[in-house]
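Peer 1: okay, here's the prediction I keep looking at, along with the sequence it came from:
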Amino acid sequence: MIVCIDPGHGGTDPGAVGPTGTREKDIALAVSKKVAEKLQNAGVATKLTRTTDIFVNLQQRCDISNSFNTDYFVSIHCNSAANSVAKGMEVYTSRGQTKADPFAEAIANELQKSFTNLTLRTDLTDKDKDKEAGYYVLVHTKAPATLIELAFISNPEEEKMLQDSSYQDKVATTIVNAICKYAGIAVKQVKEDDDVTKTKIIFGNTQLDGFIKDGTSYVEVRKLAEALGLNVVWNSATGTVTLTKK
């Protein structure tokens, strides 16, 4: 089995840009690379339409998938709206009943289970969990194709979530679990490290979950920074976290 992972936008096309400057192309690439890596770890062959910050046109994306005769095509994006209150995830297929519908529904179901705090925006016309649109990559790929809108980058809260590497990892894992479950492939479970000791970090009235490994304490940087009154900005393109004063 081969799965084509398509990180939306790239290069001269940044995609949507969030209130603090987060670019859709960077989030899409970061999550897509995680999806590809996790699929490979499960023994599934993958093909990315881009692995760096370059521009790839829509037909080229389809050609890459078609030339490798991939079994499934998954395009990763972030949503955006003029109204900053708009929120939630969406899973798209092309219009009408297609062979991609059950595949997309499987992904939508897993996302809904994993992210109970987020809204899954479904199709109001037929009440399916997958929405329908004539997006080019959904129409012109031979494999069953779906396009996932991870969240609204235009919503300040969801932009912040999209920047979080732990969210990126969780959504990638969820997508992989959905693909493997749908295809009947067992996903290897990662055992908790025996050398890790769970601990709690207390700062004032704030208590954070952390762990100790090899004598060093670790805690999620975003939660600690927020407790200290700092802003956290994740740059997925460079793999860096920047802390600034509010």
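Peer 2: Cool, the structure landed. Numbering: from 1, shown residues only.

Peer 1: mean confidence for stretch 139-154?
Peer 2: Average pLDDT, stretch 139-154: 97.

Peer 1: how about that stretch: buried residues?
Peer 2: For stretch 139-154, a neighbour-count test (16 or more other Cβ atoms under 10 Å) marks 140-141, 143-154 as buried. Placement of C-beta: from N, CA and C, glycine included.

Peer 1: what about it, distance to the chain center?
Peer 2: Remark: stretch 139-154 is offset 11 Å from the chain centroid, using Cα atoms, centre = their mean, to the nearest Å.

Peer 1: before we move on, what about stretch 28-45?
Peer 2: Relative to its chain's centre, stretch 28-45 lies at 11 Å (Cα atoms, centre = their mean).

Peer 1: show residues contacting it.
Peer 2: Residues from elsewhere that reach stretch 28-45 (Cβ atoms under 8 Å, 6 or more residues apart in numbering): 1-3, 5-10, 15, 46, 48, 50-53, 74, 76-78, 150, 165, 168-169, 171-173, 175-176, 179-180, 183, 185-188, 236-237.

Peer 1: okay, Val187: pLDDT?
Peer 2: So Val187 comes in at 72 (pLDDT).

Peer 1: distance of it from Tyr167?
Peer 2: Per Cβ to Cβ, to the nearest Å, Val187 is found 19 Å from Tyr167.

Peer 1: between those two, who's got more neighbours?
Peer 2: Taking neighbours as other Cβ atoms under 10 Å, Val187 and Tyr167 compare with Tyr167 leading, 21 against 17.

Peer 1: doesn't that one fall inside a helix?
Peer 2: Yes: using DSSP: H, G, I helix; E, B strand; the rest coil, the assignment for Tyr167 is a helix.

Peer 1: now the strands: where do they sit in the protein?
Peer 2: Using DSSP state E, the strands of the chain run over 2-7, 45-48, 72-79, 90-93, 131-132, 145-152, 197-203, 206-213, 216-219, 230-235, 240-245.

Peer 1: out of those, the one nearest Glu110 is which?
Peer 2: Across the strands of the chain, Glu110 has its closest neighbour in strand 90-93 (9.9 Å, Cβ to Cβ).

Peer 1: only alpha carbons, please: show that closest one as CSV.
Peer 2: This file holds the C-alpha atoms of strand 90-93, laid out as CSV (Å, rounded to 0.1, in the frame of the first residue of the first chain):
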residue,chain,number,x,y,z
GLU,A,90,-13.3,19.5,8.2
VAL,A,91,-12.8,16.5,6.0
TYR,A,92,-13.6,16.9,2.3
THR,A,93,-14.1,14.6,-0.6
